[in-house]
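Student: Provided below for reference: sequence and predicted model.
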Amino acid sequence: MEMKFMPILGARLRLLAPTPRAERHACAKAHGSKHRLTAAAFRLGPTILAVLPHAIAKALPRVVARLGAAAPDRLQAQAGKTLDDRGRDKASSDVSRPLLYIDLTDVICHAIWHNSCAGIPRVQLEIATRLYRSDSDVCVFGRHRSQWWALGSLIREADGDIDLLFKLLKESFTKAEFSLAGIKAISRRRRRPPIPHQPQAPAFGPQDRLFIGGAFWIEPEIIRLARAAASAGAHLTVLFHDLIPLTIPAFTGHDFAAEYRAALRLPAHFVVTSELSRSQLKQVRLQIADVPGRTCTSVISLADEFPGSARNQRAIALTERLEPLADRSFALCVGTIEIRKNHILLIEAWRELETELGCTLPKLVIAGRRGWKADAAQAELDALVGDDPLMFIEAPSDAELRWLYASCQFTVFPSFFEGWGLPVGESFWFGKPCAVSSSQSIAPVARDLCVRFSPHSKEEMKDAIRSLLKPSTREYYRDKIEAAPLRTWSEVAVDIENLLAEARPVSAALSRAYSDRIESIQSTKICSSL
């Protein structure tokens with residue numbers, strides 16, 4: 001791979017080039033034989049300088065590979081370090097004190113794949129940071145490359161800065177690239193205290209707690225870990241963001257039904273984000289064989305807050321690809337380009353509105369990553385040109401999303417189904433009205449702050465958009481949004497923290513849970529019968 005800094009290195013070395021041949025001979029003659037080596041160096045100088053950049057470029061990949069491979073060996077060399085060394089020493093007299101284990105395996109994966117942290121990965125980091133810093137009996141860990149890594153040292157280094165913690169995770173677990181940035185990352189990694197890790201999964205004790213708050217389906221070992229924890233008598237808490245792989249599998253890009261069923265067979269305290277999800281979880285569990293009858297669920301709503309932004313923050317930091325929007329009005333639709341998000345109907349509706357309204361119609365900006373099963377919508381977006389009434393911003397950064405939310409007239413969210421619907425709340429966070437799908441799944445976040453339409457009706461969608469094109473309607477909803485209390489991710493973290501602190505028992509050992517066919521438990525403030 002061509003290295004961007006090699007031409008710069010060559011230019012720097014050429015500044016050291018020797019003087020012309022006549023001057024070299026004169027120098028050697030003037031200083032006699034004791035300077036023959038100097039004269040020889042002068043003669044070889046041009047050749048060395050010519051080949052040195054290429055030699056470095058050829059050797060550097062091997063150096064990078066060796067440095068990158070050295071880190072795990074260095075980490076493994078620590079004596080006596082285990083995943084729960086931060087919380088307690090299992091061999092000490094303190095062994096009876098229970099530990100809270102928090103799994104961040106999916107956050108490590110997210111850090112490797114993406115450059116920004118928002119939504120669920122962010123709230124997981126906030127929860128983990130809050131609990132780790134407030135309680136010595138907390139172990140935050142994740143699995144990567146067949147090893148279990150204790151992440152407490154990174155949390156301590158970040159010192160409450162979630163963006164920095166995400167950056168440290170990315171830097172620690174992403175394979176270094178053959179580039180100047182990659183070498184710098186390796187250098188910083190090697191200066192950092194080693195991260196304890198081990199090939200064995202954490203050893204749970206009775207009354208320990210395990211919280212799985214993310215994408216448990218991406219790593220089979222997580223389900224096996226949960227089973228081991230239950231067998232040891234630990235308390236399990238699993239957060240389900242939705243049950244789409246089981247309830248509407250046509251909307252998924254991959255088949256994770258087996259992983260979902262495996263998680264639902266756990267004797268766990270399940271956390272969902274809405275009453276609809278709680279009802280779906282109950283129905284799905286009734287259809288799964290060998291499900292322990294005893295369990296409980298809690299509903300914890302997610303946030304409206306856009307991470308890292310003050311409420312009603314104004315537009316700042318316009319990026320180059322957003323410059324065409326600087327002096328024009330536009331509406332915004334945020335979401336991955338996938339079949340469930342219903343982009344194709346929105347595109348068709350917007351084109352019909354352009355025919356009807358002409359140049360008075362604002363541009364529609366669709367911002368999101370490429371997804372699945374949405375070939376028609378993606379083809380439309382890929383074919384856009386500059387004077388089109390639509391614009392596609394692929395994989396927007398947090399800074400770009402912040403500017404788009406703050407600068408748009410209103411947002412549109414036409415999704416068929418959501419576990420929650422983060423872009424709706426984020427629109428409110430910036431004080432922007434939203435035309436939103438009337439899907440029951442989006443109602444908890446939409447409340448009465450939106451113009452609604454059926455996601456199956458193009459005409460209803462156009463009516464909702466026409467409504468928000470009127471300044472008086474936008475002003476009406478802006479006032480409602482301004483008066484509404486909006487939920488922050490910190491509040492979500494506190495709710496989950498309080499739930500975990502209760503450690504409400506679901507069952508003792510896994511074997512007993514599977515034999516105990518109790519069909520319901522007494523409803524309490526946070527538990528309900530399934």
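Tutor: Structure's in. What do you need? Residues are numbered from 1 along each chain as shown.

Student: what distance do you get for the spatially closest residue to residue 354 that is not a sequence neighbour to residue 349?
Tutor: In space, not counting the residues next to it along the chain, residue 354 is nearest to residue 389; the distance is 4.5 Å by CB to CB, 6 or more residues apart in numbering. Every C-beta, even on glycine, is put in place using the N, C-alpha and C of the backbone. For residue 389, the distance to residue 349 equals 11 Å [CB to CB, to the nearest Å].

Student: over to residue 388?
Tutor: Counting by CB to CB, the gap between residue 388 and residue 349 amounts to 15 Å.

Student: so between the two, which is more surrounded?
Tutor: In terms of neighbours (other CB atoms under 10 Å), residue 349 is the more surrounded of residue 388 and residue 349; the figures are 23 against 16.

Student: quick check: buried residues in stretch 342-361?
Tutor: If you call a residue buried by 16 or more other CB atoms under 10 Å, then stretch 342-361 has these buried ones: 342-351, 353-354, 361.

Student: equivalent analysis for stretch 204-219, please.
Tutor: Within stretch 204-219, the residues that qualify as buried by neighbour count (16+ other CB under 10 Å) are 204-205, 208-217, 219.

Student: residue contacts, residue 321?
Tutor: 393, 400 (CB atoms under 8 Å, 6 or more residues apart in numbering).

Student: swap that for residue 251, sorry
Tutor: Taking CB under 8 Å, 6+ apart as the contact definition, residue 251 lies against 244, 338, 339, 340, 373, 416, 417.

Student: could you say what helices and strands the strand or helix carrying residue 459 packs with?
Tutor: Counting by DSSP states H and E, the element that carries residue 459 is helix 458-468. In terms of contacts (3 or more CB pairs under 8 Å, 6 or more residues apart in numbering; DSSP states H and E), helix 458-468 is packed against helix 343-357, strand 411-413, strand 434-437, strand 451-453, helix 471-483.

Student: how about CSV for those, with mean pLDDT and distance to residue 316 added?
Tutor: What follows is these, written out as CSV (pLDDT from 0 to 100; distance: least, CB to CB, whole Å):
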stretch, mean pLDDT, distance to residue 316
helix 343-357, 98, 28
strand 411-413, 99, 19
strand 434-437, 99, 22
strand 451-453, 99, 28
helix 471-483, 98, 20
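
Student: is it possible to get a markdown table of the ones you listed that adds distance to residue 114?
Tutor: A markdown table is the format used below for the helices and strands packed on helix 458-468 (distance: least, CB to CB, whole Å):
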| stretch | distance to residue 114 |
| --- | --- |
| helix 343-357 | 21 |
| strand 411-413 | 22 |
| strand 434-437 | 25 |
| strand 451-453 | 31 |
| helix 471-483 | 29 |
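
Student: what does the host helix or strand of residue 280 contact?
Tutor: Assigning secondary structure by DSSP H and E places residue 280 in helix 275-286. The contact list for helix 275-286 (CB under 8 Å, 6+ apart) reads 240, 242-243, 246-247, 260, 264, 270, 272, 291, 295, 297, 299, 419, 440-441, 444, 528, 530.

Student: switch the cut-off to 10 Å
Tutor: By CB atoms under 10 Å, 6 or more residues apart in numbering, the list of residues contacting helix 275-286 from outside reads 240-248, 260-261, 264-265, 270-272, 274, 291-293, 295, 297-299, 417-420, 439-444, 519, 528-530.

Student: check which residues of it are buried.
Tutor: Residues 276, 277, 278, 280, 281, 284, 285 are the ones in helix 275-286 that count as buried (16+ other CB under 10 Å).

Student: could you pull up the mean pLDDT of that helix?
Tutor: Helix 275-286 carries an average pLDDT of 95.

Student: right, and the helix or strand after it?
Tutor: Moving toward the C-terminus from helix 275-286, the next helix or strand (DSSP H and E) is strand 296-299.

Student: sheet partners, orientation included, of that next one?
Tutor: strand 269-272 (parallel) (DSSP bridges).

Student: quick one: distance of the partner strand to the chain centre.
Tutor: Taking CA atoms, centre = their mean, to the nearest Å, one finds the center of strand 269-272 at 21 Å from the center of the full chain.

Student: need the contact list for residue 141.
Tutor: Taking CB under 10 Å, 6+ apart as the definition of contact, the neighbours of residue 141 are 83-84, 86, 101-105, 108, 128, 148-152, 196-198, 201-202, 225.

Student: identify the bridge partners of it.
Tutor: Under DSSP bridges, the beta-bridge partners of residue 141 are residue 103, residue 150.

Student: relative to residue 206, how far out is it?
Tutor: Summarising the geometry, the distance separating residue 141 from residue 206, computed by CB to CB, is 19 Å.

Student: still on that earlier bit, which among the contacts of helix 275-286 end up buried?
Tutor: Buried positions within these, assessed by neighbour count (16+ other CB under 10 Å), are 240-246, 260-261, 264-265, 270-272, 274, 291-293, 295, 297-299, 417-420, 439, 441-444, 528, 530.

Student: mind listing what the residue nearest to residue 354 touches?
Tutor: Residues in contact with residue 389 (CB under 10 Å, 6+ apart) are 330, 347, 350-351, 353-355, 357-359, 361-364.

Student: next one: residue 333
Tutor: Listed by CB under 10 Å, 6+ apart, the contact set of residue 333 reads 341-343, 346-347, 350, 364-368, 390, 404, 408, 411-415, 423, 434-435.

Student: show me the protein divided up by domain.
Tutor: 6-76, 99-202, 214-303+503-530, 320-483 (automatic domain parsing).

Student: which stretch in those domains has the least confidence?
Tutor: Here the domains of the chain differ in mean pLDDT, and the lowest is domain 6-76 at a mean of 46.

Student: re earlier: want to throw the buried residues of stretch 342-361 into TSV with distance to residue 318?
Tutor: Shown next, in TSV, are these (distance: CB to CB, whole Å):
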residue	distance to residue 318
342	29
343	25
344	29
345	30
346	25
347	25
348	30
349	28
350	24
351	27
353	26
354	25
361	23
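
Student: of these, just say which sits nearest to residue 430.
Tutor: When the buried residues of stretch 342-361 are ranked by distance to residue 430 (CB to CB), residue 346 comes first, at 20.0 Å.

Student: and the gap between the closest residue to the closest one other than its chain neighbours and residue 439?
Tutor: Using CB to CB, 6+ apart and skipping the chain neighbours, the partner closest in space to residue 346 is residue 414 (4.8 Å). Counting by CB to CB, the separation of residue 414 from residue 439 is 9 Å.

Student: shared neighbours of these two, which are they?
Tutor: Between them, residue 414 and residue 439 share these contacting residues under CB under 10 Å, 6+ apart: 342, 454, 455, 456.

Student: hang on, the third one in a helix?
Tutor: Pointing back at residue 455 there. No - assigned with DSSP: H, G, I helix; E, B strand; the rest coil, residue 455 falls outside any helix and is coil.

Student: fine by me, thanks again.
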